[in-house]
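A.B. asks: I would like to see how this sequence folds:
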Amino acid sequence: MTKIKRSYYLPQKLIVAMDRECEKGGYVREAIVAAAVKNFLDASPTERQKMFDCLDAFLTKKRK
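C.D. replies: Numbers count the residues shown, from 1 in each chain. You can find the predicted model right below:
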């Protein structure tokens, strides 16, 4: 059986904000993504839900 391939696309607003912060702090984007994924995987289900709530709030705060 072949594995299902998955693609994850981030909203442009989030990518722009991340690039700006990486450039300002002198960070490597790939290292930041790796650290964020590790942090997410190490979190409890409750902490993960809070992360999703924060992401949703960031993405929808200026749509109104």
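
A.B. asks: these two touch, right, residue 51 and residue 44?
C.D. replies: No - here residue 51 lies out of contact with residue 44, judged by C-beta atoms under 8 Å, at a distance of 10.6 Å. The C-beta positions use only the backbone N, C-alpha and C, and glycine is treated the same way.

A.B. asks: Give me the more crowded residue out of these two.
C.D. replies: Per other C-beta atoms under 10 Å, whichever of residue 51 and residue 44 has more neighbours is residue 51, with 14 against 8.

A.B. asks: who's in contact with the more buried one?
C.D. replies: By C-beta atoms under 8 Å, 6 or more residues apart in numbering, the contact set of residue 51 is 40, 43.

A.B. asks: Name the helix or strand for it, please.
C.D. replies: Under the criterion of DSSP states H and E, residue 51 resides in helix 45-60.

A.B. asks: Output that helix in CSV with nothing but the alpha carbons.
C.D. replies: Output in CSV follows, covering the C-alpha atoms of helix 45-60 (Å, rounded to 0.1, in the frame of the first residue of the first chain):
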residue,chain,number,x,y,z
PRO,A,45,-3.7,17.9,23.5
THR,A,46,-4.9,20.8,25.5
GLU,A,47,-1.8,22.9,24.7
ARG,A,48,-2.2,22.0,21.0
GLN,A,49,-5.8,23.2,21.1
LYS,A,50,-4.6,26.5,22.5
MET,A,51,-2.1,26.8,19.7
PHE,A,52,-4.8,26.3,17.1
ASP,A,53,-7.0,28.9,18.8
CYS,A,54,-4.1,31.4,18.8
LEU,A,55,-3.5,30.7,15.1
ASP,A,56,-7.2,31.1,14.3
ALA,A,57,-7.3,34.4,16.2
PHE,A,58,-4.2,35.7,14.3
LEU,A,59,-5.6,34.7,10.9
THR,A,60,-9.1,36.2,11.5
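
A.B. asks: average pLDDT across it?
C.D. replies: For helix 45-60, mean pLDDT rounds to 88.

A.B. asks: residues of that helix that come out buried?
C.D. replies: Residues of helix 45-60 classed as buried by neighbour count (16 or more other C-beta atoms under 10 Å): none.
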